[in-house]
Structure formats: structure tokens, C-alpha cells
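Peer 1: Provided below are the primary sequence and the corresponding predicted coordinates.
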Amino acid sequence: MVQFDRIQVGDALPERTHQPGNAYLFCYNAAIWNAHRIHYDHQYVTEVEGYPGIVIDGPLQADWLTQVVGEWMGEAGRMVQFKVSHRQAAYLGEKLRAAGEVTAKDEAAREISVNLHITNEQGEVIAPGEAVIRFDAE
Amino acid sequence: MAELLTPEIMSWIGKTDPPLTEEISRRDIRHYSVATDQRLEKYLNGDEAPPLFHSMFFREIKRLEQLEADGHVADTLLPPLPLKRVMAGGHETTFHRPIRPGDKLTATRRLAELIEKQGRTGPLIFVIVETEITAADGEQILSERYTRILR
């Protein structure tokens, strides 16, 4: 588990790649009770909305960013702030990488700031984010 | 500019929905955790909710006939808007404490802003909603500013 004293600006958080299939997206939208057709109706999303494919939910990508933080900090810290912007859509079949790095360390407040990003296979950052993690005193 | 956002539409800014209270079950948390492919046991077991568990939880559950043509549920905070296609814009959340099974939480949502912008493919409306979630004893759980984009 990460220790506050050892964290340095520039440290990379462990990354993870996600490639949700249809059943995954179905479960996600069922869990959040979302019937928005762009997430399961291929004919509707391509012919009516003009997207190239079924859209991977933005909030799901946001969740992956929080998982990067959660798996890195374990029980040592707690996330007090989180922010995400959805810049570009992603479609069923795409492989998306969730990653992040430490950008600031506040010794007095025992807080760490991190940058987070979802990157597609073209290397484009489609969902940048930021988080602040507070570590309890040892 | 502001051609789409009429004074009538703009008068909705500041509107709040009646607070919505829901009891959180372990099963709700487990569904969300599995459906987001979490790997931490505390989430998969439903001992604690992942940080963004709440994001769609505090929306009224509507009858099927109330779904829009695109399947989504019209937000009761919004006036009829001239653009219909909804995209997630992003959000900013401040967390006070995690959500746990058995929590009886109350969410209060407020329409904070409506902004018209010119996008690459035409006009866009940015809808910003603020949500405050509190526990039964009044303890603050989280606050959030959520942006949706209509095109």
C-alpha cells in the first residue's frame, strides 16, 4: 500500500485497460437505471443520432478514473475531491486506458493531487480528470 | 447570442426538485460495483459504495411511458429545451464520507446554470445541476456539480 511519506510528484498511478462488451454495458446501464438508447440500440445510435457505434457511458469512464485512485491509495487515503470532463465519445469495441500521475504534494495538509486520464487507442485523451486525496496522520 | 435560451427558459435557473430520500442496500452497491468492474473487495461485497455510486441513484423512477423517444428520462429540473440529444459533460464532486449499506440518504438537486455555446456542429446547451447529499442525521455526504451537454 502506498505511504504518504514516499509519494513524489511525478509518481505514476497503476493503470488499467478497459474494453467493455455489450453485456458489460448492459449491466452498467441496468445498475444505474438508464434506458438511454445510445448505449444498447445499434440501429438507433447510428441511424438516428449519427454516431459510429454504441456509446460507452461517460460516467462509466469517470468511474474507471476513480478506480485508478482507489486501487493506488488503498486504505491509506481517502479521495476528497474528484473532477472529470468528457471531451470525446468512445464506442463499443474500443480499448480505453485509465491512468494517472501525482502532480502535487501538500505536506501540511497531507494531501496529494493527481491528474487522471482516459486515453483511446489513437492516444487521444478523451476524459481528463483530477483528484485530491487526503492521507490520515500516521 | 443566447438565441435558444429564452427568458422563459432562463427563469428556471435556481429551481430545485423536492428532496429525494432513498435507503441504500448492499445489493444496490454490489450491482453497481460488479457493473463497473471494481476489484476492491469492500466494493464487491457491498460494504462501502464506490465513490461515484450516487451519480444516477437519485433520479426519480419513472413509468415506461414517460421515457423520451431516445429512452432517457426527462429531467424534472429542466424546462422544455429546443435541443434534445444529451451527452455527459463532466462533473466535480466533493466527498465528505463514503456511502454504506443501510444509509438513508437525501439528495437535493438544483438547476444552477444554463449556458448556450456554439459547437463545431451547431449550437449546444450546457446544463449544470448541483446536488447535495445528506444522511438522515444531517451529516453531509457529498456535493456535486454535474454538466450535461445538449446538442
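Peer 2: Great, that's in hand.

Peer 1: just list what the lengthiest helix in chain A packs against, helices and strands only.
Peer 2: When chain A is parsed with DSSP state H, its longest helix is helix A:58-73. Packed against helix A:58-73 by the contact rule (3 or more CB pairs under 8 Å, 6 or more residues apart in numbering or on different chains; DSSP states H and E) you find strand A:12-18, strand A:77-85, strand A:96-106, strand A:111-119, strand A:125-135, strand B:86-95. Yep, even glycine has a C-beta here, placed from its N, CA and C like the rest.

Peer 1: JSON lines please, covering the ones you listed and showing distance to A:Q43, mean pLDDT and mean neighbour count.
Peer 2: Putting these into JSON lines (distance: least, CB to CB, whole Å; pLDDT from 0 to 100; neighbours: other CB atoms under 10 Å in any protein chain shown) gives the following:
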{"stretch": "strand A:12-18", "distance to A:Q43": "25", "mean pLDDT": "98", "mean neighbour count": "15"}
{"stretch": "strand A:77-85", "distance to A:Q43": "30", "mean pLDDT": "98", "mean neighbour count": "20"}
{"stretch": "strand A:96-106", "distance to A:Q43": "24", "mean pLDDT": "98", "mean neighbour count": "17"}
{"stretch": "strand A:111-119", "distance to A:Q43": "27", "mean pLDDT": "98", "mean neighbour count": "21"}
{"stretch": "strand A:125-135", "distance to A:Q43": "24", "mean pLDDT": "98", "mean neighbour count": "21"}
{"stretch": "strand B:86-95", "distance to A:Q43": "19", "mean pLDDT": "94", "mean neighbour count": "20"}
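
Peer 1: so which of these comes closest to A:R37?
Peer 2: Closest to A:R37 of the helices and strands packed on helix A:58-73 is strand B:86-95 (CB to CB; 11.1 Å).

Peer 1: returning to that earlier point: could you check the angle strand A:125-135 makes with the longest helix of chain A?
Peer 2: For helix A:58-73 against strand A:125-135, the angle by axes from the mean of the first three to the mean of the last three CA atoms, to 10 degrees is 40 degrees.

Peer 1: in helix A:58-73, what counts as buried?
Peer 2: A:58-70, A:72-73 (16 or more other CB atoms under 10 Å in any protein chain shown).

Peer 1: residue in chain B with the shortest distance to chain A?
Peer 2: Nearest to chain A in chain B, going by CB to the nearest CB, is B:A88, at a distance of 3.1 Å.

Peer 1: picking up where we left off before, between the helices and strands packed on helix A:58-73, which gets nearest to B:D47?
Peer 2: strand A:77-85 (14.8 Å).

Peer 1: hmm, who's touching that closest one?
Peer 2: A:2, A:4, A:58, A:61-62, A:65-66, A:69-70, A:73, A:111-112, A:116, A:127-136, B:51-52, B:89-95, B:98 (CB atoms under 8 Å, 6 or more residues apart in numbering or on different chains).

Peer 1: and if we set it to 7 Å?
Peer 2: A:62, A:65-66, A:69, A:127-135, B:51, B:90-95 (CB atoms under 7 Å, 6 or more residues apart in numbering or on different chains).

Peer 1: one more: stretch B:49-58?
Peer 2: Contacts for stretch B:49-58 (CB under 7 Å, 6+ apart): A:32-34, A:59, A:62-63, A:66, A:79, A:82, B:20, B:22, B:24, B:29, B:32-33, B:36, B:38, B:43, B:95, B:98-100, B:107, B:131, B:133, B:142.

Peer 1: may I see the PyMOL selection of the buried members of those residues?
Peer 2: Selection of buried members from the contacts of stretch B:49-58 for PyMOL, criterion 16+ other CB under 10 Å:
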select buried, (chain A and resi 32+34+59+62+63+66+79+82) or (chain B and resi 20+22+24+29+32+33+36+38+43+95+98+99+107+131+133+142)
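
Peer 1: show only the entries of the contacts of stretch B:49-58 found in helices.
Peer 2: Among these, the residues falling in helices (DSSP H) are A:59, A:62-63, A:66, B:29, B:32-33, B:43.

Peer 1: which residues touch the closest residue to chain B within chain A?
Peer 2: Per CB to the nearest CB, A:G58 is where chain A lies closest to chain B, at 3.1 Å. The contact partners of A:G58, by CB under 7 Å, 6+ apart, come to A:86, A:127, B:88.

Peer 1: same question, B:T21
Peer 2: B:104-106.

Peer 1: can you read off the pLDDT for the residue of chain A closest to chain B?
Peer 2: Predicted confidence (pLDDT) at A:G58: the value is 96.

Peer 1: same check on A:D5?
Peer 2: 95.
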